[in-house]
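In: Output the structure for:
(one chain, ligands or ions: 1)
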Amino acid sequence: MKIKPFGVEEWMNKYEMEAVYNIAETCVDSLTVNELLELSGKKEEVLEEITKMRVTYGNIHGHPHLRELIATLYSSVKPENVLTTTGGISANFLALFTIVEPGDKVISVAPTYQQLYSLPEALGAEVSLLQLRPENNFLPNLEELKELSKDGVDLIILNNPNNPTGALMDKGFLEKIAEIARQKGAWVLCDEAYRGLEHKEEDKTPSMVDVYEKAVATGSMSKVFSLAGLRLGWLTGPSEFIRECALRRDYTTISCGQIDEALALVALENKDKILARNLSIVRESVEIVDNWVKSEERISWVKPKAGTTGFLHYDYAKPSEEFCIELFRTNGTFLVPGKCFDRENWLRIGYAYGKETLRKGLEGLSSYLRKLEKEGVGRVS
Ligand SMILES: Cc1ncc(COP(=O)(O)O)c(C=O)c1O
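Out: The predicted structure is shown next:
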């Protein structure tokens, strides 16, 4: 099987360790185990439970109480319809590995997490990209979706909230997509790794599985709950589909780590506390970036409505990869080039990994822009 290199992952793996001001990170400021346990108020109890734990495979499809807690993140999901996975990335993998047959017609939004369109392509699907554009606030154009699906579609892939743009489809919008999918009998896979990080209370958005009967949703402890190192994610969807996924998961996963699941369980028992912490971080941080954008004449963005990432447009005639390499070699500021999302003159910023780093990174970015101006780098036509 041939597969394209994963642009963002390759970029991060290659350069992240050289970064001084990492404003490419997509998690909300990661928690330490101690912070998690302190926040739970049950530190001694949890530690005793973990140290006494016999390190077996544990519950094959996921700890039953953890599956119950994950189900509470949805309005119509039963615990038996949740499977835990090693991160959201494995949840996406399992969903695509289960749904996609060679020759299937798949439509995926773009830009987005590359796995969502490169994996179905590798699995033999015919993938069309539904381009998200700034003039549309990075929301899908529904007429284009209808046009792309007019000769049939097997699977529509969404990412809500969207990485990299921070765009958010609300319930009404998801219902419209569900209607298009329903008419075609298509599956919808919605990667919801950032759901729960809607910046405004009134923007809280349901999962696609609570909107459409043939939808699959994937989620994760990494971003919203600041626990990427647990490598814990999940997927949910209709019962028959989950049975099919479980059958395939036996070949790849067996079970997730018991200790990881035990800590994820503590986090979800305390989800309100973690969400309050994380929402305050993302709300404050997005304003820091927005004010900075307003102060930079040749930078613009569509202010994100959710998540931890934003897509910055820059009006300097310099390819994005060269821009990012020069930037961190100049002062250690680290961003992701738009090239990793097949878009030139864009940069992905991750703004929720610490305010000090963010401020320093933006200063570094400004001083690099002054350098470009001094060198007389022109505007893009
Ligand atoms: C949209 C999206 N989905 C899934 C993932 C995978 O994350 P994890 O495997 O840590 O849950 C990421 C990570 O960046 C992401 O941005």
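
In: Export the worst-scoring helix or strand of the chain on mean pLDDT to CSV, keeping only CA atoms.
Out: The weakest-scoring helix or strand in the chain, judged by mean pLDDT, DSSP states H and E, is helix 7-15 (a mean of 92). Taking C-alpha atoms only, helix 7-15 is exported to CSV below (Å, rounded to 0.1, in the frame of the first residue of the first chain):
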residue,chain,number,x,y,z
GLY,A,7,3.2,16.6,6.2
VAL,A,8,2.5,18.1,9.7
GLU,A,9,3.9,15.1,11.6
GLU,A,10,7.1,15.0,9.5
TRP,A,11,7.5,18.8,10.1
MET,A,12,7.0,18.5,13.8
ASN,A,13,9.3,15.4,14.1
LYS,A,14,12.1,17.1,12.2
TYR,A,15,12.2,20.5,13.8
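
In: my guess is Ala193 contacts Asn160, does it?
Out: No - here Ala193 does not reach Asn160: they are 9.6 Å apart, not a contact under CB atoms under 8 Å. For every residue, glycine as well, the C-beta is placed using N, CA and C.

In: From the ligand, how far off is Asp192?
Out: I think there's a mix-up here, since residue 192 is Glu and not Asp. Using CB to the nearest ligand atom, to the nearest Å, one gets 8 Å for the distance from Glu192 to the ligand.

In: what do you get for Gly354?
Out: From Gly354 to the ligand the distance is 17 Å (CB to the nearest ligand atom).

In: residue contacts, that residue?
Out: Taking CB atoms under 8 Å, 6 or more residues apart in numbering as the criterion, Gly354 is in contact with Asp29.

In: Residue numbers of the stretch 1-150 of the chain in contact with the ligand?
Out: Residues of the stretch 1-150 of the chain that fall close to the ligand, judged by CB under 6 Å from any ligand atom: Thr26, Gly87, Gly88, Ile89, Tyr113.

In: The helix or strand hosting the third one: what's the following helix or strand?
Out: When you say that, I think you mean Gly88. Assigned by DSSP states H and E, Gly88 belongs to helix 87-99. Under the assignment DSSP H and E, the closest C-terminal helix or strand after helix 87-99 is strand 105-110.

In: next one: whichever helix or strand comes after that following strand to chain centre, how far?
Out: Next helix or strand after strand 105-110 toward the C-terminus (DSSP H and E): helix 115-122. In terms of CA atoms, centre = their mean, to the nearest Å, the centre of helix 115-122 is set 15 Å apart from its chain centre.

In: just checking, what packs against helix 115-122?
Out: helix 87-99, strand 105-110, strand 126-131, strand 155-159 (3 or more CB pairs under 8 Å, 6 or more residues apart in numbering; DSSP states H and E).

In: TSV for those, including mean neighbour count and mean pLDDT?
Out: Output for the helices and strands packed on helix 115-122, formatted as TSV (neighbours: other CB atoms under 10 Å; pLDDT from 0 to 100):
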stretch	mean neighbour count	mean pLDDT
helix 87-99	24	98
strand 105-110	24	98
strand 126-131	18	98
strand 155-159	27	98
